[in-house]
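1. Dropping the sequence and predicted coords here.
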Amino acid sequence: MTGFSDQSVAARLHSVRERVAAAARAAGRDAAEIRLVGVSKRQPVAAIRAALDAGLADLGENFVQEAVAKMDELGHAPGAGPAAWHFIGALQSNKTAAVAARFDWVQSVDRLKLAERLSRQRPAALAPLNVCIQVHVGAEASKSGAPLAAAGDLARRVAALPQLRLRGLMAVPPPETDPARQRAWCRQLAALYFALQQEGMALDTLSMGMSDDLEAAVAEGATMVRIGTAIFGPRA
Ligand SMILES: *Cc1c(COP(=O)(O)O)cnc(C)c1O
């Protein structure tokens, strides 16, 4: 046992929804414009079932094999509910085919080659794959994500690929405990997002905010938050 019960998942999901609602209220925003992705990496299928039963409509996974095994067990096919599955982890080129065939979204597109492969490999019978450009915000050079200065150009190129639908930007800012610093990182991503919208790109997804910084992300304009531990508890 990993310490979860159906009830604890449902109760935690409820408190996360209340956190999102409170953060939206504090920012003068409508909570309905903020989509909640439950990040279920290294969580058992039973926990996912509990979250789906409690109304969660979006799931995020980081590891291709683990995610596909869970989809098989739950009978998920892209576009065929009850939830949309989002790939949010580091993606290697040799794993793009499985991701293109099985997921509804890929939020971690950080280079053109990856996007081109996903577009080519997305089965023609499926709707275009929803994608976000993952942008590197923060000081360390090693983290994944396109550099902030290059992300706009990458977004314009990805938007032109036929079997992809560019939805917006995603980031995993460096961990901070100070809310002002959390907000400063989120603001960097938001500034690029709003600039791309200004130049006419039809983007609707600003994906930022995790268990520890969701309030900061919502304050800075997040339209999608990705929450793991606060919904599912500590990971195995
Ligand atoms: C694990 C993960 C999350 C969720 O993190 P928590 O701190 O558990 O909420 C969100 N986004 C990405 C990209 C992740 O890898």
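-> Done, it's in.
2. alpha carbons only for contacts and neighbour counts from here, please
-> OK.
3. could you measure the closest residue in space to A216 that isn't next to it in sequence against A69, distance?
-> Once flanking residues are discounted, A216 sits nearest to R183: 5.0 Å by Cα to Cα, 6 or more residues apart in numbering. To A69, R183 is 36 Å away according to Cα to Cα, to the nearest Å.
4. Which of the two has more residues huddled nearby?
-> Set side by side, R183 and A69 show more neighbours around R183, with 21 against 12, by other Cα atoms under 10 Å.
5. residues near L192, how many?
-> Counted with other Cα under 10 Å, residues neighbouring L192 total 18.
6. Next up, the contacts around the residue nearest to A216.
-> A216, A217, A219, E220 (Cα atoms under 8 Å, 6 or more residues apart in numbering).
7. quick one: which of those is most hemmed in?
-> A217 (29 neighbours).
8. Who are the packing partners of whichever helix or strand A67 is part of?
-> Assigned by DSSP states H and E, A67 belongs to helix 64-74. Secondary-structure packing of helix 64-74 (3 or more Cα pairs under 8 Å, 6 or more residues apart in numbering; DSSP states H and E): helix 45-53, helix 96-102.
9. now the angle from it to helix 45-53?
-> For helix 64-74 against helix 45-53, the angle between stretch directions is 60 degrees (axes from the mean of the first three to the mean of the last three Cα atoms, to 10 degrees).
10. Okay, buried residues for helix 64-74 please.
-> Within helix 64-74, the residues scored as buried using 16 or more other Cα atoms under 10 Å are V64, A67, V68, K70, M71.
11. same check, this time on stretch 169-176
-> Result for stretch 169-176 [16+ other Cα under 10 Å]: buried residues L169, M170, A171, V172, P173, P174.
12. and which of these is nearest the ligand?
-> Set against the ligand, the nearest of the buried residues of stretch 169-176 by Cα to the nearest ligand atom is V172 (6.0 Å).
13. Identify the residue spatially nearest to that closest one, adjacent ones excluded.
-> In space, V172 is closest to M208, 6.7 Å off (Cα to Cα, 6+ apart).
14. do the same with V109
-> I133 (4.9 Å).
15. Mind listing the residues bridging to that neighbour?
-> Under DSSP bridges, the beta-bridge partners of I133 are V109, L169.
16. Flag every residue of the protein that's near the ligand.
-> Selection of the chain residues close to the ligand by Cα under 6 Å from any ligand atom yields V39, I88, G89, V172, M210, S211, R226, I227, G228, T229.
17. Now do the helices in the chain.
-> 6-26, 45-53, 64-74, 96-102, 112-121, 148-159, 179-198, 214-219, 229-232 (DSSP state H).
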